[in-house]
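Chemist: Sequence isn't available, so here's the structure alone:
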C-alpha cells in the first residue's frame, strides 16, 4: 500500500470516523481511483483489523469502532464506486436463525464482510427459513450466512439448509455458519459450505469459497 | 478425613476455598443461578428418578431455572445452598403453569407473563414497558428487550434506581430479591440464613450481583457499551460511579444482615466471550478493576464472607487482575472457550483462586455425549482441578434443557468415584 492512503488506513485502524471521512474526501478530491481508495485504503485496513483480532491484540471494542469508521468512509465512497461500475465482491444475506435474538456476532460478521467489499443484506434476528429462502430468490445473494448463539437454536441452521434445498436453491448459494456453539464438525454434519470461528475468519472463508 | 471423622459440607467447601484438599470433592448444584439446573432438565431428571413428590419451581424466571428441592440436595449430596431458597416456601407462593414445551411447572405468584403470537411469553414492567421476551417455543429463557440508555447517557442519575427494575435481571429477580421491597426484608434475610445455619451443615451463599460491566451493557446495550469503553470513557466512569453508590448500599445491608452467618457472597460480571475477553486487559484495569477492588475490600472488611465472581467466557487473560482485585472464587470456568484449558488454569492460577465450575462441559459433552463419555470427561476434570483444593465441582454454568437425565446421573456417578 502506498503512502498516499496511510492516513486513511490509520484512521480506520484507530476507529477515527472524522479522520476516515476526511481521508476519503481528500482522496476523491485528488481524483484517486475509487476502487483503489477502497482496496488500498479501506479493505486493507479492515484486513489488518481482522489480523489484529485473531492475534489477540484487538478486541471487540476496537473492531467495532474500526468497522464503524469504515462504514462512515464507505458511505461517502459508495456513489463513486457505483459510478465507476465497481461491483461488490459478492452479495451476502446475514441473519440469526429462528428462535435466537442475539445479533452482535452476526453484526460483526456483516461489518467485516462489508469491510472486505461484500454487499450485505441484513435480515436481522429470529429469521425463519422461509425468509432466508426469499432473500435468495429475491435479492440474488451469493452467500447466506447463518448465526446462532445457543445450542438450542443451532438446529434451526439445519432446518434452514433443508428449506433452501427444498426450494431447489441449494446449488445456487454458498451457506456459511457461525456462532459460539457452532463447530466445523457441526457445519459438516448439516451440509454447510463453510464455518468460521469469528468475524475475521468469516471473511477468509467467504473469499475462499467465492474464489476471490 | 479430619480428626473427628468426615468433614461437614460447610467445612469441605471452606477448606477447598482455603486451598486445603478436603476429605472429598465439594459439589454444588443450585447455590447460584449460574451453577444450577433448568426447569425442563430438572423436571426430566425427577421423572427419570421416579421422584413423584414435590414440584418444579421456577425460582429464576429469567433463566427458567428450578430451585433444587431438599430431596435432590440430599440425593446427590450437594454441599452448598443459596439462602434465597428459604423464601417462597409456602405452597401459595406458587401457581401451576405449563411451559410452551409442555412440562408442568410452577411460577412465583408475582410472575404473570403474557402469551405472545410466537407461542412464547412477554414480560412487562408495572408501567407497561415490555422488558423481556421468550419469543417462541424454541426459546427457553427470557431475553432483554428494553434498554433505558440506548440513545445516550442521561444528564444525571437521579432516576437510575427507577430505571434498573426495567431491566429484567432486576425487575424479575429471583429470591431472595423478589422480597427486597418488604420493610423487614433484611431481618427476614438474617432469620432465614440463621435457620439454614442451625438446621443444615451446608455452606451458605448469598447471591448478590453488583455487576459493573454488565449493568453498562444492560442500560446501553452491549454493542453501544463496548464502543463507549473506547469512545466515551468519561461517561462510562460517571455511570460506574452511580452504580457503585447503589451497589455499596446493597453491600452494606448484606454484610450487616448476614455477613457473620453466610459463607460466600456471589458477585457477577460476564467479562468473557468465546474467543477472549470482551475488552483488552488495559481497559479492564482502567475502568473496572479499581471498582471491583473496592467491592471485594468492603466485603473483607465488613464480613466473614468469601468473594465469588461469576464471569462467563474466556477470561484467562483477565485472571491475574481478577485475583489481584480480591476475588477468591471464579465461576463457571468455561472450559469450552479459548485459553480456558483446565491444566493451564490449574497450573497458572490454582494456588491463587478457587475454581467453582469447570467440571463438565455443557455445550457439547454433557448434553450430546454418551454417558460413558460424560464420565470420562468428568473424571479428567476432577483429576485436573481437585489436587490441593481450590475446586468446587459444578457443570460449566446451568444444566440446560437439552441435557438428558442419564447424563446428569452419569456425571454424579463419576463424581461419586471421588467421594466416600
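Modeler: Yep, it's here. Keep in mind it's a predicted model, so treat the numbers as computed, not measured.
Chemist: beta partners for residue B:360?
Modeler: residue B:395 (DSSP bridges).
Chemist: Could I get the contacting residues of it?
Modeler: Contact partners of residue B:360, counting by Cβ atoms under 8 Å, 6 or more residues apart in numbering or on different chains, are B:366, B:374, B:377-378, B:381, B:395-396, B:411. (Each C-beta comes from the backbone N, C-alpha and C, glycine too.)
Chemist: Nearest to residue A:6, out of those residues: which one, please.
Modeler: Residue A:6 lies nearest to residue B:396 out of those, by Cβ to Cβ, at 45.2 Å.
Chemist: Which secondary structure state does the closest residue to chain B within chain A sit in?
Modeler: Relative to chain B, the nearest point of chain A is residue A:99 (3.1 Å; Cβ to the nearest Cβ). Assigned with DSSP: H, G, I helix; E, B strand; the rest coil, residue A:99 falls in the coil class.
Chemist: Give me the neighbour count for the closest residue to it other than its chain neighbours.
Modeler: Nearest non-adjacent residue to residue A:99, counting by Cβ to Cβ, 6 or more residues apart in numbering or on different chains: residue B:138, 3.1 Å away. Per other Cβ atoms under 10 Å in any protein chain shown, the neighbour tally for residue B:138 reads 21.
Chemist: so what's the closest residue to chain A within chain B up against?
Modeler: Closest to chain A within chain B is residue B:138: 3.1 Å, counting by Cβ to the nearest Cβ. Taking Cβ under 8 Å, 6+ apart, we find residue B:138 in contact with A:98-99, A:152-153, A:156.
Chemist: cool, and residue B:119?
Modeler: Counting by Cβ under 8 Å, 6+ apart, residue B:119 has contacts B:100, B:136-137.
Chemist: interface residues of chain A facing chain B?
Modeler: A:15, A:56, A:59-62, A:64-65, A:68, A:98-99, A:101, A:104, A:107, A:126, A:151-153, A:156, A:180-181, A:183, A:197-198 (Cβ under 8 Å from any Cβ of the partner chain).
Chemist: What is the helix or strand harbouring residue B:73 packed up against?
Modeler: Using DSSP states H and E, residue B:73 sits within helix B:70-76. Counting contacts by 3 or more Cβ pairs under 8 Å, 6 or more residues apart in numbering or on different chains; DSSP states H and E, helix B:70-76 is packed against helix B:39-49.
Chemist: Give me the residues contacting the helix it packs on.
Modeler: By Cβ under 8 Å, 6+ apart, the list of residues contacting helix B:39-49 reads B:37, B:52, B:54, B:56, B:58, B:64-66, B:68, B:72, B:75, B:99, B:101, B:103-105, B:140, B:399-406, B:408-409.
Chemist: Strands - which of those residues land there?
Modeler: B:37, B:58, B:65-66, B:104-105 (DSSP state E).
Chemist: just for the stretch 301-420 of chain B, where's the confidence low?
Modeler: Low-confidence regions of the stretch 301-420 of chain B, defined here as pLDDT under 70, do not occur.
Chemist: Spell out which residues of it are next to chain A.
Modeler: B:317, B:363-364, B:367, B:400-402.
Chemist: any chance of these in JSON lines, plus neighbour count?
Modeler: Listed next are these as JSON lines, based on neighbours: other Cβ atoms under 10 Å in any protein chain shown:
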{"residue": "B:317", "neighbour count": "18"}
{"residue": "B:363", "neighbour count": "20"}
{"residue": "B:364", "neighbour count": "16"}
{"residue": "B:367", "neighbour count": "21"}
{"residue": "B:400", "neighbour count": "22"}
{"residue": "B:401", "neighbour count": "22"}
{"residue": "B:402", "neighbour count": "19"}
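Chemist: taking those residues one by one, which sit in helices?
Modeler: Here DSSP state H is the test, and those give residue B:367 as lying in helices.
Chemist: could you dump the residues of the stretch 301-420 of chain B next to chain A to a markdown table with distance to residue A:168?
Modeler: Putting those into a markdown table (distance: Cβ to Cβ, whole Å) gives the following:
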| residue | distance to residue A:168 |
| --- | --- |
| B:317 | 48 |
| B:363 | 34 |
| B:364 | 33 |
| B:367 | 34 |
| B:400 | 36 |
| B:401 | 35 |
| B:402 | 32 |
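Chemist: Please identify which pair of the residues of the stretch 301-420 of chain B next to chain A lies farthest apart.
Modeler: In those, two members sit farther apart than any others by Cβ to Cβ. They are B:317 and B:401, at 31.6 Å.
Chemist: least confident pick among the contacts of residue B:138?
Modeler: Lowest pLDDT among the contacts of residue B:138: residue A:152, with 83.
Chemist: For burial, what's the neighbour tally of that one?
Modeler: Here the number of neighbours of residue A:152 (other Cβ under 10 Å) works out to 19.
Chemist: Over to residue A:31?
Modeler: When neighbours are defined as other Cβ under 10 Å, residue A:31 has 7 of them.
Chemist: where does it fall, phi/psi-wise?
Modeler: The phi and psi values for residue A:31, taken as degrees, to the nearest 10, are phi 60, psi 30.
Chemist: count of neighbours near the nearest residue to residue B:148 once chain neighbours are set aside?
Modeler: Nearest residue to residue B:148, sequence neighbours excluded (Cβ to Cβ, 6+ apart): residue B:163, at 4.2 Å. Each residue near residue B:163 was counted by other Cβ under 10 Å, and the total is 18.
Chemist: hang on, the earlier thing: export the contacts of residue B:119 to JSON lines and tack on pLDDT and neighbour count?
Modeler: Listed next are the contacts of residue B:119 as JSON lines, based on pLDDT from 0 to 100; neighbours: other Cβ atoms under 10 Å in any protein chain shown:
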{"residue": "B:100", "pLDDT": "88", "neighbour count": "16"}
{"residue": "B:136", "pLDDT": "84", "neighbour count": "16"}
{"residue": "B:137", "pLDDT": "82", "neighbour count": "14"}
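Chemist: Make CSV from those residues and add distance to residue B:341 to it.
Modeler: Shown next, in CSV, are these (distance: Cβ to Cβ, whole Å):
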residue, distance to residue B:341
B:100, 38
B:136, 36
B:137, 37
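Chemist: Nearest to residue A:170 among those residues?
Modeler: Checking those one by one against residue A:170 (Cβ to Cβ), the nearest turns out to be residue B:136, at 25.6 Å.
Chemist: Tell me how far that closest one lies from residue B:118.
Modeler: From residue B:136 across to residue B:118, the span is 4 Å (Cβ to Cβ, to the nearest Å).
Chemist: What of residue B:139?
Modeler: Going from residue B:139 to residue B:118 by Cβ to Cβ gives 8 Å.
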